[in-house]
Every structure is written in structure tokens, then in C-alpha cells.
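A.B. asks: Give me a model of this one.
(one chain, ligands or ions: 2)
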Amino acid sequence: MALLKLEGISKRFGAVQALSDVNFSLEEGEVMAIVGDNGAGKSTLIKIIAGAQNSDSGTYWFEGRPVTVKSPEDARALGIETVYQDLALFDSSNVAENIFAGRELVRPVFGIPFLRMREMHAQSSELLKSLRIHMHSTKLTVKSMSGGQRQSVAVARAVAFGRRVVILDEPTAALGVAEQQKVLALIADLKTRGFSVIVISHNLGHVFQVSDRISVMRQGTCIGVRNVSETTSDEIVKLITGSDTAIRH
Ligand SMILES: Nc1ncnc2c1ncn2[C@@H]1O[C@H](COP(=O)(O)OP(=O)(O)OP(=O)(O)O)[C@@H](O)[C@H]1O
Ligand SMILES: [Mg+2]
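C.D. replies: Ligands and ions are numbered 1, 2, ... in the order given. Coordinates of the predicted model:
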């Protein structure tokens, strides 16, 4: 039984049919890549999974039960956390503040909530260490960081609160080679911790390096799912571009 399953998902933005009748599934403990050209509907699909967008039609199943995911809170309640393409970090806040943003630890003193900053720094620091992310201090502000470090903070935030599924939208885009490899190692690490991971990427080398399966999207439809062990990047490219006669469904 799939951990998460979407059936017949459609989504229209005005004149644009971003998704039409998309099926998607994610097994427990697997890394599923979503690939496809710009505008194929990848981000829209994960936003629907994450509750950031609502689909026009279709069914969402989690652990075999139909569920209603209409908001990010609904998805979080299922243990699903998402790192979006734009990361959505608070630039002038520090690492710990970003990790706990919106879910701050507070202690009421005479009924007035006080932030437990020391604990948030300690927990953030532990979390980064456990993810093998090196950072001098959790007091560094995010705007002073490199792309890879920012990505790490965003992933750490997702891991801190996600229990089942972590979704990453193009986590290696705009990173240097060494930082890309760190993020890929982080994904492999998530898998060994029992998370299921959905990762969108344009880099097929990375996709083949970290994923178990690949869902290919083209013009708002999911046109095929392949096991990484049973396909080639050649076949995936052909599925993405639609430039082939040998497409099997
Ligand atoms: N909020 C929105 N309002 C209007 N149109 C949208 C919105 N979000 C996405 N779209 C449109 O839906 C289509 C799918 O977009 P989406 O962002 O899902 O593509 P993508 O596969 O993630 O592309 P990329 O690889 O460039 O990130 C595009 O035509 C896009 O312009
Ligand atoms: Mg996108």
C-alpha cells in the first residue's frame, strides 16, 4: 500500500490547465523524483500535496485512507513538510529562528509567553549536527549564508517537524558542485532515517543518484513512472520531451 497517493488531480489557473488528471504515489521510505520541463506542473503538484494549493478535482489518500488536505496545516498534521523552490526563509533572522519559525518554543511567565531562545538554539544545533550540516553558529543570520547553507537550513526546518514525508522543490538548483553533493547526501540520509522523500529536479544525474523511482510530467500530465534500476536517462529524456516513438506507459 502506498503511503501517499493522488488520483485524478486537476488544477487550472485561469486559461492554464496546470494539471490534468494526474496520478501520483509515494511508497514508505522511498525517494521519488519528479522530473519534467519548465511549466510541466511539478511545483503545482507538490503544492497540492503540501496543501499550499487546492486541486479542482481528484482524491488524496494517505495510508490507504482518503484525506482532506486544504492547507499546509492539514499536510503538516500528516507529517508532511515541504521545502519550496524559493526556500521562504527569513533573511534577517538567524538559523534557529528560521528552523522554529511559526512553531517557536515558548514558556509562559505570569501568563506572558516568552521565547525559549536558548533551547531553540540548542535543539537547532543538535539537529544540524545529526544531519551532518556544519554551521559555525545557529546565531548566524540567513542573509549572510551561501546558497547551500540556506538550503540546509530549509531542509533542517522540514526535518525538524516532518515525521513522514519531506518534499524538496529543486534543492540543488543554484548550488555549487560541493554543496549539491551535500544536499544529495542529506536526501540519502533522510531515507535511512525512514522518511519518504519527494524531490523535484532538472538534473538527471542527481535524480539517478538519489531516487528509487521517477515520475515524469509533461504539459500537466504524469506520463510515466519508472524504477531507477530499470530505466536510463535516455529513456527519461525521451519521456520528458515526448520526442520518441518507444514510449511505454
Ligand atoms: N499561481 C499560479 N497562477 C497562475 N498560473 C500558474 C500558477 N502556478 C503555476 N502556474 C502555471 O501552471 C503551469 C505549471 O507551473 P509549475 O510551476 O507547476 O511548473 P513546474 O513544472 O514547476 O516548472 P519549473 O520547472 O519551471 O519550476 C505553468 O504554465 C505556470 O505558468
Ligand atoms: Mg517548479
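A.B. asks: and the residue nearest the centre of the chain, which of the three is it?
C.D. replies: Centre of the chain computed as the mean C-alpha position; nearest residue by C-alpha atoms, centre = their mean is Ile167, 1.6 Å away. Following DSSP: H, G, I helix; E, B strand; the rest coil, Ile167 is assigned to strand.
A.B. asks: Pull the contacting residues for it.
C.D. replies: 46, 49-50, 80-83, 158, 197-199 (C-beta atoms under 8 Å, 6 or more residues apart in numbering). No exception for glycine: its C-beta is placed from N, CA and C like everyone else's.
A.B. asks: does Lys182 really touch Ser152, like I thought?
C.D. replies: Yes - Lys182 is within contact range of Ser152, at 7.2 Å (criterion: C-beta atoms under 8 Å).
A.B. asks: Of those two, give the one with the bigger neighbour count.
C.D. replies: Using other C-beta atoms under 10 Å as the criterion, Lys182 and Ser152 rank with Ser152 on top: 24 against 21.
A.B. asks: which residue ranges form the strands in this structure?
C.D. replies: Assigned strands in the chain, in chain order: 4-13, 16-26, 31-35, 57-62, 65-66, 80-83, 106-109, 112-115, 165-169, 196-200, 213-218, 221-227 (criterion: DSSP state E).
A.B. asks: Now do the first one: which elements does it pack against?
C.D. replies: Other elements packing on strand 4-13 under the criterion 3 or more C-beta pairs under 8 Å, 6 or more residues apart in numbering; DSSP states H and E are strand 16-26, helix 42-49, strand 57-62.
A.B. asks: Most distant residue from the centre of the protein?
C.D. replies: For the chain, the residue at maximal distance from the C-alpha centroid (C-alpha atoms, centre = their mean) is Phe110, at 39.7 Å.
A.B. asks: The residue nearest to the centre of the chain pairs with what?
C.D. replies: According to DSSP bridges, the residues that bridge with Ile167 are Thr82, Ile198.
A.B. asks: before we move on, back to that, which of the contacts of Ile167 lies closest to ligand 1?
C.D. replies: Taking C-beta to the nearest ligand atom as the measure, Ile46 is the one of those closest to ligand 1, at 8.1 Å.
A.B. asks: Can you tell me, leaving aside adjacent residues, what's nearest to the closest one?
C.D. replies: Among residues not flanking Ile46 along the chain, Ile167 sits closest, at 5.1 Å (C-beta to C-beta, 6 or more residues apart in numbering).
A.B. asks: And the pLDDT for the one you found?
C.D. replies: The confidence metric pLDDT takes the value 95 at Ile167.
A.B. asks: Likewise for His249?
C.D. replies: Taken from the predicted model, the pLDDT recorded for His249 is 51.
A.B. asks: what does Asp74 give?
C.D. replies: In this model, Asp74 is scored at 96, pLDDT.
A.B. asks: Number the chain from 23, please
C.D. replies: Renumbered: residue one is now 23, and that last one reads Asp96.
A.B. asks: Tell me if I'm right that it and Asn76 touch.
C.D. replies: No - distance between Asp96 and Asn76: 10.2 Å, which falls outside the contact criterion (C-beta under 8 Å).
A.B. asks: So between these two, which is more surrounded?
C.D. replies: Neighbours per residue (other C-beta under 10 Å) separate Asp96 from Asn76, with Asp96 holding more: 15 against 12.
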